[in-house]
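A.B. asks: Next come a sequence and a model predicted from it.
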Amino acid sequence: MKIAEIRELATAELAERIETEVANYNNMKFNHHISPLEDLSQIKKLRREIARMKCELRQRELNK
């Protein structure tokens, strides 16, 4: 998801999306510890996407 797409989301929708992605990230990490994933870059991409969404949410909080 690109930053332009993230900025188009409503604040409530963005917060919900963050919760979903964090759950996916934790699940992916847990599964990787049990049996290694073939593509480790998925974890890195997901972590960065979560960071982008959290940055946008924080920016909205500060601009109020």
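C.D. replies: Nice, I can see it.
A.B. asks: Tell me, how many residues neighbour the residue lying closest to M1 once chain neighbours are set aside?
C.D. replies: The shortest distance from M1 to any non-neighbouring residue, by Cβ to Cβ, 6 or more residues apart in numbering, is to E49 (5.8 Å). For the C-beta atoms, the positions are set from N, CA and C on the backbone; glycine is no exception. For E49, the count of nearby residues is 18 (other Cβ atoms under 10 Å).
A.B. asks: mind listing the helices for this structure?
C.D. replies: Along the chain, the segments classed as helices by DSSP state H run 3-8, 11-34, 41-62.
A.B. asks: TSV for those helices, including mean pLDDT?
C.D. replies: Output for the helices of the chain, formatted as TSV (pLDDT from 0 to 100):
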stretch	mean pLDDT
helix 3-8	93
helix 11-34	96
helix 41-62	96
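A.B. asks: Surely the residue nearest to M1 touches K2?
C.D. replies: No. E49 lies out of contact with K2 (Cβ atoms under 8 Å); the separation is 9.7 Å.
A.B. asks: just to revisit the earlier point, distance of the residue nearest to M1 from R60?
C.D. replies: Distance of E49 to R60, computed by Cβ to Cβ, to the nearest Å: 17 Å.
A.B. asks: separation between the residue most central in space within the chain and K64?
C.D. replies: Nearest to the mean C-alpha position of the chain, by Cα atoms, centre = their mean, lies I50 at 2.3 Å. Taking Cβ to Cβ as the measure, I50 falls 22 Å from K64.
A.B. asks: that older thread, quick one: contacts for the nearest residue to the residue nearest to the centre of the chain once chain neighbours are set aside?
C.D. replies: Leaving aside its sequence neighbours, I50 sits nearest to E21 (Cβ to Cβ, 6+ apart; 5.1 Å). Contacts for E21 (Cβ atoms under 8 Å, 6 or more residues apart in numbering) come out as 46, 49-50, 53.
A.B. asks: distance between stretch 21-31 and the chain's centre?
C.D. replies: Chain-centre distance of stretch 21-31: 10 Å, with Cα atoms, centre = their mean, to the nearest Å.
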